[in-house]
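1. I need the structure of the sequence given here:
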Amino acid sequence: MRRTFLFLSVAALTGCGSAATQPGASIHVAVERLSMGDDCVVLEVSDASDSTRREVRQVSLSDRPARTEAVVGVVQPEGWGALLKASASLHLGGCGAPAADQAAQTFQVGVPVVRVDLLLRQPGAGTDAGSDAGTSDAGTPDAGTLDAGTLDAGDVDAGGGDAGSLDAGAVDAGAMDAGVPDAGVPDAGSPDAGGVDAGTPDGGLCTGAVRAVRTTGPKWTDLAVFSSQGVIAVGDGDSIGLFTTGGTFADWSGGTCTGNFAGVWVRPTDFQPFVVSSTGLARVDGPRQCTPLPSPSAGTPQALAGIRIGGTTRLYVPTVSPATVVELDVGQPAAITRTPPSAGAVYDVDGVDEDTLFAVGNTSNGKGAFWRWNVTTQSWDSPATLSPANTPIYAVDVVSNVLAFAGGAGGLYRWNGVGWSGEGSPGFDVYGVRALSSTEVYVVGPAVSSNVGFARWNGTSFSSPLRPMSGSFLARVRGGGACSLWAVGDSGLVVTTEP
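-> Sure, this is the predicted structure:
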């Protein structure tokens, strides 16, 4: 079956760009098709309180790869209410063709990140035996250059403040990012809607199970979505690898990329990968090509996260022995360390912006801990802790300023914009978390009954979509939808939900 995926990402902002004085939004529409064609995306932004106030954009996909992204900068017209609605529809065969499906999101200007992730299927298209040749840009990983595909991703110039119309802006990489962590494919789901399901209508995965892509190799520790090509994974022993959506593997290990890698993060504006290893921070410039970045002497790195603050990329490295968080503004000559209060270990950091940024780990007495960054004091707040002791938190995934999930020895935890609460356990310690919405969260961890840990939480209970699969553990899970999840772990194990 030919499948098409439409993801609508609405990232509201306030006055980015030197000429913009009115509130605006950066609207990302990412489309995944298994074949190119004269297709079209229609984007409409309207005043939620008055449907007659609307502006429409049409984006032709005829000259674009099968997987692509359009970014439109919007200046809020004068007289419109603060609550806006963005609707996107995919038209196979041209803008005049019927909509194959559509996605919509109502958002309020000023909310940092609101996202909707919708899976579209074209009915009656027959059986697809695999990925079509030429439907995605897998790059040329052995050619010695870094190929991030041909996405229109980048940063938005909200235009010159024209009060009466939408402004597509100048989409130029490197100018501003609304703070989407771990991007490439936008996150899913409105945090308070609770009903956006990136899977099949019954809430399951596309194929109903997870399949192994690779079962031998190094211990993989982390991965990140690398545009439409697939994912980039890192691990012990200088290991860096690119796993493409077509099922191929390119080994980028060695050369100037050295150390036991603990984390990888891909900047969403230009799909630039950054890594951290036992030798410090580095920028990945291509296969076996890494450029060292300033790295202070600190503890053993556990992960890597990044956000955009204005025009600056800020990287965060949580560490243990000692427990701290290394912070580097890329382009600056030095990194700094900021230690959360009472920290005994810091295992992960994630956020959508500087105001919604969390570190997780455990206190010096072993209690699981959540630290929130305080923009006013420029320091980590005192931790919210768990009882009893010996319940460290290993991973956190922040969806928006009112929704985040974390996982650890005690199971899954949810942040509702005010506080953290427990949501139960999948039956194993949670090492990695990927939240697509308030009712679609995936967790990974150590093996249970000889089957590696992989479970889905639907807002009420856990289920395991994993076929029997041997392995010690899965360390991290990433991806933009139920049909595009990837997870990595011990003994070279790499799994995906891609059909």
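2. How far does stretch 306-315 stretch from one end to the other?
-> In stretch 306-315, first residue to last residue: 4 Å (Cα to Cα, to the nearest Å).
3. in that stretch, what's buried?
-> For stretch 306-315, a neighbour-count test (16 or more other Cβ atoms under 10 Å) marks Gly306, Ile307, Arg308, Thr313, Arg314, Leu315 as buried. (Glycine included, C-beta is placed from N, CA and C.)
4. wait, the fourth one sits on Leu304?
-> It stands for Thr313. No. Using Cβ atoms under 8 Å, Thr313 makes no contact with Leu304, being 11.9 Å away.
5. Pull out the buried residues from stretch 234-250.
-> Of the residues in stretch 234-250, Val234, Gly235, Asp236, Asp238, Ser239, Ile240, Gly241, Leu242, Phe243, Thr244, Thr245, Ala250 count as buried by neighbour count, 16+ other Cβ under 10 Å.
6. Same check on stretch 332-342?
-> Ala335, Thr339, Pro340, Ser342.
7. contacting residues around the last one?
-> Residues near Ser342 by Cβ atoms under 8 Å, 6 or more residues apart in numbering: Thr363, Ser364, Ala369, Ser382, Pro383.
8. So Val264 sits against Val225, correct?
-> No. If you go by Cβ under 8 Å, Val264 and Val225 don't touch, sitting 10.2 Å apart.
9. Comparing these two, which residue is more hemmed in?
-> Between Val264 and Val225, counted using other Cβ atoms under 10 Å, Val264 has the larger neighbour count: 27 against 23.
10. Need the contact partners of whichever strand or helix holds that one.
-> Assigned by DSSP states H and E, Val264 falls within strand 261-267. Applying Cβ under 8 Å, 6+ apart, the contact partners of strand 261-267 are 177, 181-184, 221-227, 232-236, 238-240, 272-278, 284, 300-306, 308, 313, 315, 317.
11. Between its first and last residues, what's the separation in stretch 353-372?
-> Termini of stretch 353-372 sit 12 Å apart (Cα to Cα).
12. Can you get me a residue count around Lys219?
-> 18.
13. And the contacts of stretch 231-239?
-> With contact meaning Cβ under 8 Å, 6+ apart, stretch 231-239 is reached by 217-226, 240-243, 252-254, 257-264, 266, 273, 275, 277, 284, 478-479, 486, 488, 494.
14. Pull out the buried members of the residues you listed.
-> Neighbour-count burial (16+ other Cβ under 10 Å) applied to the contacts of stretch 231-239 gives 217-226, 240-243, 252-253, 257-264, 266, 273, 275, 277, 284, 478-479, 486, 488, 494.
15. mind listing which of those are in helices?
-> In helices, defined here by DSSP state H, there are no members of the buried ones among the contacts of stretch 231-239.
16. Who is the closest residue to Ala323 other than its chain neighbours paired with across the strands?
-> Distances taken as Cβ to Cβ, 6 or more residues apart in numbering put Ala343 closest to Ala323, at 3.9 Å, once the chain neighbours are dropped. Residues in a beta bridge with Ala343, per DSSP bridges, are Thr363.
17. how about low-confidence regions in the chain?
-> By pLDDT under 70, the low-scoring segments of the chain are 1-28, 32-35, 63-76, 107-209, 228-229, 465-470.
18. hang on, isn't Thr337 packed against Ser295?
-> No. Between Thr337 and Ser295 there is no contact under Cβ under 8 Å: 10.5 Å.
19. shared neighbours of these two, anything?
-> Shared contacts of Thr337 and Ser295 (Cβ under 8 Å, 6+ apart): Val326.
20. wait, Ser464 sits on Phe454?
-> Yes. With contacts counted by Cβ under 8 Å, Ser464 reaches Phe454, the gap being 6.5 Å.
21. Neighbour count: those two, which is higher?
-> Phe454 (28 against 16).
22. Now the element after whatever helix or strand that one lives in, going C-ward?
-> Using DSSP H and E, Phe454 maps to strand 451-457. Next in sequence after strand 451-457, counting helices and strands by DSSP H and E, comes strand 462-463.
23. Paired strands for that following strand, with orientation please.
-> Partners of strand 462-463 in its sheet, by DSSP bridges: strand 451-457 (antiparallel).
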